[in-house]
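*Asks:* Following is a predicted model, sequence given first.
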Number of protein chains: 2
Amino acid sequence: MTIKSEINLNSPSSEYLSHLSIDCVVFGFHENQLKVLLLESNFFEEWALPGGFVRHKETLEEAATRILQERTGVDEIFLTQFRVFSDPERKNPGFKPDSMQKAGISMENFDWLNQRFLSVGFYALIEFSKVNPQPDLYSSKCEWKNVEEVCSLMMDHNEILEAALETLRLQLRYQPIGYNLLPEKFTMPELQKLYETILGRELDRRNFQRKILSYKIVKRLPERRTGVAYKAPYLYSFDLDVYNRALTDGLSGDW
Amino acid sequence: MTIKSEINLNSPSSEYLSHLSIDCVVFGFHENQLKVLLLESNFFEEWALPGGFVRHKETLEEAATRILQERTGVDEIFLTQFRVFSDPERKNPGFKPDSMQKAGISMENFDWLNQRFLSVGFYALIEFSKVNPQPDLYSSKCEWKNVEEVCSLMMDHNEILEAALETLRLQLRYQPIGYNLLPEKFTMPELQKLYETILGRELDRRNFQRKILSYKIVKRLPERRTGVAYKAPYLYSFDLDVYNRALTDGLSGDW
DNA sequence: CCAAAAGTGTTCGCATTACACCCATGT
DNA sequence: ACATGGGTGTAATGCGAACACTTTTGG
């Protein structure tokens, strides 16, 4: 079992803070659907959020960025913490002695992994197309899943995902969103669909457009999207100056 | 130095999670001013937020409640976590070998206390008059301080306080506030002053009243406040049914 | 020419804003 | 009587919600 040393499950407590982990909820948007990045553990055949442990000399934010990179190959992502999950009973139900032995993990690592963990939830919004998800050595797969169709996840990861979504919805009330989720150029209906997906309800086309335009965070381009089986929609792109100002100053919006 | 064992600074790592602490920002409202509950350390002559460590078998929320009780005597408070502060350099500048020795703390405790700590920030709103702040054995004083006049605090506690205030302001946008901060009966100008203090700006008397009343979260009582040097204002009290519903469903309000 | 989707404008009602007058109380 | 602060009403404005017609495109 050389894999054990490669993936550094041995004596991790010297390198990492004990009792504290990080889980990342990474959202993307593709084909008009909100996606979340998940890993399938090759030990326990369960899907999970990409997570990991915190080193002694890094902030949580640095740790989250590193963990996401190590576990999924996704790089240069701005992650935001949103809550700590601290149920004393939260531990991996897959971390049972027999399954650990099957996976070739020794009992001393089991002790460490089976102790209590608090986990800090982070979330990020990233542009789907810029990402090439790569599973790490712990995982057999790394894939985007539709948020609406996520199966049962490891530990309390479903709860963490739900909480991240809720945070996203709140954020929508007073911050612009989309720059990190949509490609450089996009259509108004695409942006609208993003809002609708996050909010979980439909919005009026015309009112949506008027409102978004009133914020001035998007500019209409002279081009249109071609090759569609109906009237060609205009393309838009974000006006980063205004967008970033809105990020800090907030919007009045009431969705 | 018997105090050492009484206050349990010896070998705390067996009882508590290492590397992780909690700090509580407790807001009150009195004489038309927003207050925060602070302790003065009797070791280091610095003011600090009430904080402490997490036990192995409790959630963060349970820990925060316990810590607040132990350190200030304040009981039955609902605390909400709002952020983790994780700068690796955040440690107590007062925890220096000489000041530790002066305080009669041995070097082995110093090692533990001088290690890196992450801290989870919690905040709470409580009714000023229901509280009798009592410093614990670590502290010489436990007092309410005007939020606007808080001096330089231990470690990064000023930053934590600022972040809590910011959270409070955001919360005001979509949740009712005041039930935990005001006495049973209060006047409309008092409620308004609370909002103004949190928001840091003045509001129009008449518009404020109309808006609050439109939410139906307060009921006007038949009584008025007497003994004031001007027209006696009506008393109000919260309608808990509506108030609690608004807590979960949110308000439309745009302050 | 028709279905599907996009572009555009108008009306209505409510909420926010700004503002003015009267009332009660203690000095 | 008067200064201070509280109670109430109204007009103007702006924003969100609801809604209909026209235009473009591929089939």
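*Replies:* Great, that's in hand.
*Asks:* Just the CA coordinates for stretch A:48-66, please, in PDB.
*Replies:* C-alpha atoms of stretch A:48-66 as PDB (Å, rounded to 0.1, in the frame of the first residue of the first chain):
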ATOM      1  CA  ALA A  48     -18.500  14.400  -0.900                       C
ATOM      2  CA  LEU A  49     -17.600  18.000  -1.000                       C
ATOM      3  CA  PRO A  50     -13.900  18.700  -1.500                       C
ATOM      4  CA  GLY A  51     -12.500  19.100   1.900                       C
ATOM      5  CA  GLY A  52      -9.300  18.900   3.900                       C
ATOM      6  CA  PHE A  53      -7.300  20.100   6.900                       C
ATOM      7  CA  VAL A  54      -5.700  23.300   8.000                       C
ATOM      8  CA  ARG A  55      -2.000  23.700   8.300                       C
ATOM      9  CA  HIS A  56      -0.400  25.400  11.300                       C
ATOM     10  CA  LYS A  57       0.800  28.500   9.400                       C
ATOM     11  CA  GLU A  58      -2.100  29.400   7.100                       C
ATOM     12  CA  THR A  59      -5.300  31.300   7.400                       C
ATOM     13  CA  LEU A  60      -8.500  29.500   6.800                       C
ATOM     14  CA  GLU A  61      -8.900  31.300   3.500                       C
ATOM     15  CA  GLU A  62      -5.400  30.100   2.400                       C
ATOM     16  CA  ALA A  63      -6.200  26.600   3.500                       C
ATOM     17  CA  ALA A  64      -9.500  26.500   1.600                       C
ATOM     18  CA  THR A  65      -7.800  27.700  -1.600                       C
ATOM     19  CA  ARG A  66      -5.000  25.200  -1.200                       C
END
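*Asks:* Give me the spatial nearest neighbour of A:V147, chain neighbours excluded.
*Replies:* Of all residues not flanking A:V147 in the chain, A:L34 sits nearest, at 4.5 Å (Cβ to Cβ, 6 or more residues apart in numbering or on different chains). (Glycine included, C-beta is placed from N, CA and C.)
*Asks:* quick check, the one you found in a strand?
*Replies:* Yes - the assignment for A:L34 by DSSP: H, G, I helix; E, B strand; the rest coil puts it in a strand.
*Asks:* Just give the number of residues close to it.
*Replies:* Using other Cβ atoms under 10 Å in any protein chain shown, A:L34 is surrounded by 22 other residues.
*Asks:* again, but for A:L161
*Replies:* 22.
*Asks:* repeat for A:F82
*Replies:* 19.
*Asks:* That one against A:T167, yeah?
*Replies:* Yes - with contact defined as Cβ atoms under 8 Å, A:F82 counts as touching A:T167 (4.5 Å).
*Asks:* Spell out which residues are contacts of both of those two.
*Replies:* Common neighbours of A:F82 and A:T167 (criterion: Cβ atoms under 8 Å, 6 or more residues apart in numbering or on different chains): A:Y123.
*Asks:* list the contacts for the residue of the stretch 51-200 of chain A found nearest DNA strand C?
*Replies:* Sorted by distance to DNA strand C under Cβ to the nearest atom of the strand, the residues of the stretch 51-200 of chain A start with A:P189, at 3.3 Å. Taking Cβ under 8 Å, 6+ apart, we find A:P189 in contact with A:205, A:233.
*Asks:* Now do it against A:P233, distance only.
*Replies:* 6 Å (Cβ to Cβ, to the nearest Å).
*Asks:* for A:T72, same thing?
*Replies:* Taken as Cβ to Cβ, the span from A:T72 to A:P233 is 32 Å.
*Asks:* How about A:S152?
*Replies:* From A:S152 to A:P233 the distance is 38 Å (Cβ to Cβ).
*Asks:* Over to A:L137?
*Replies:* Counting by Cβ to Cβ, the gap from A:L137 to A:P233 is 44 Å.
*Asks:* Over to A:G227?
*Replies:* Relative to A:P233, and taking Cβ to Cβ, A:G227 is found at 11 Å.
*Asks:* wait, isn't A:S41 in contact with A:S140?
*Replies:* Yes - under the criterion of Cβ under 8 Å, A:S41 makes contact with A:S140 at 7.5 Å.
*Asks:* which one of the two has more residues nearby?
*Replies:* More neighbours surround A:S41 than the other of A:S41 and A:S140, with 18 against 12 (other Cβ under 10 Å).
*Asks:* Which residue ranges of the stretch 101-250 of chain A form strands?
*Replies:* Taking DSSP state E, counting those that start in this stretch to define them, one finds strands in the stretch 101-250 of chain A at A:118-125, A:139-146, A:218-224, A:234-238.
*Asks:* and A:H19, that's in a strand?
*Replies:* Yes - judged by three-state DSSP, A:H19 forms part of a strand.
*Asks:* on that earlier part again, tell me which of the strands of the stretch 101-250 of chain A is the most buried.
*Replies:* Stretch with highest mean neighbour count among these: strand A:118-125 (a mean of 24; mean count of other Cβ atoms under 10 Å in any protein chain shown).
*Asks:* so does that strand get close to chain B?
*Replies:* Yes - with Cβ under 8 Å from any Cβ of the partner chain as the measure, strand A:118-125 is seen reaching chain B through A:118, A:120.
*Asks:* Give the rounded mean pLDDT of that strand.
*Replies:* The average pLDDT within strand A:118-125 is 96.
*Asks:* Which strands and helices lie in contact with it?
*Replies:* Where contact means 3 or more Cβ pairs under 8 Å, 6 or more residues apart in numbering or on different chains; DSSP states H and E, strand A:118-125 is packed against strand A:16-30, helix A:60-72, strand A:80-85, helix A:157-174.
*Asks:* Can you pull out the residues in contact with that strand?
*Replies:* A:19-28, A:51, A:60-61, A:64, A:68, A:77-86, A:90, A:160, A:163-164, A:167-168, A:177, A:180-181, B:17, B:20, B:60, B:84.
*Asks:* Show me which of those residues are buried.
*Replies:* The neighbour-count test (16 or more other Cβ atoms under 10 Å in any protein chain shown) marks A:19-28, A:51, A:60-61, A:64, A:68, A:77, A:79, A:81-86, A:90, A:160, A:163-164, A:167-168, A:177, A:180-181, B:17, B:20, B:60, B:84 as buried among these.
*Asks:* tell me which parts of the stretch 51-200 of chain A are close to DNA strand C?
*Replies:* A:187-189 (Cβ under 7 Å from any atom of the strand).
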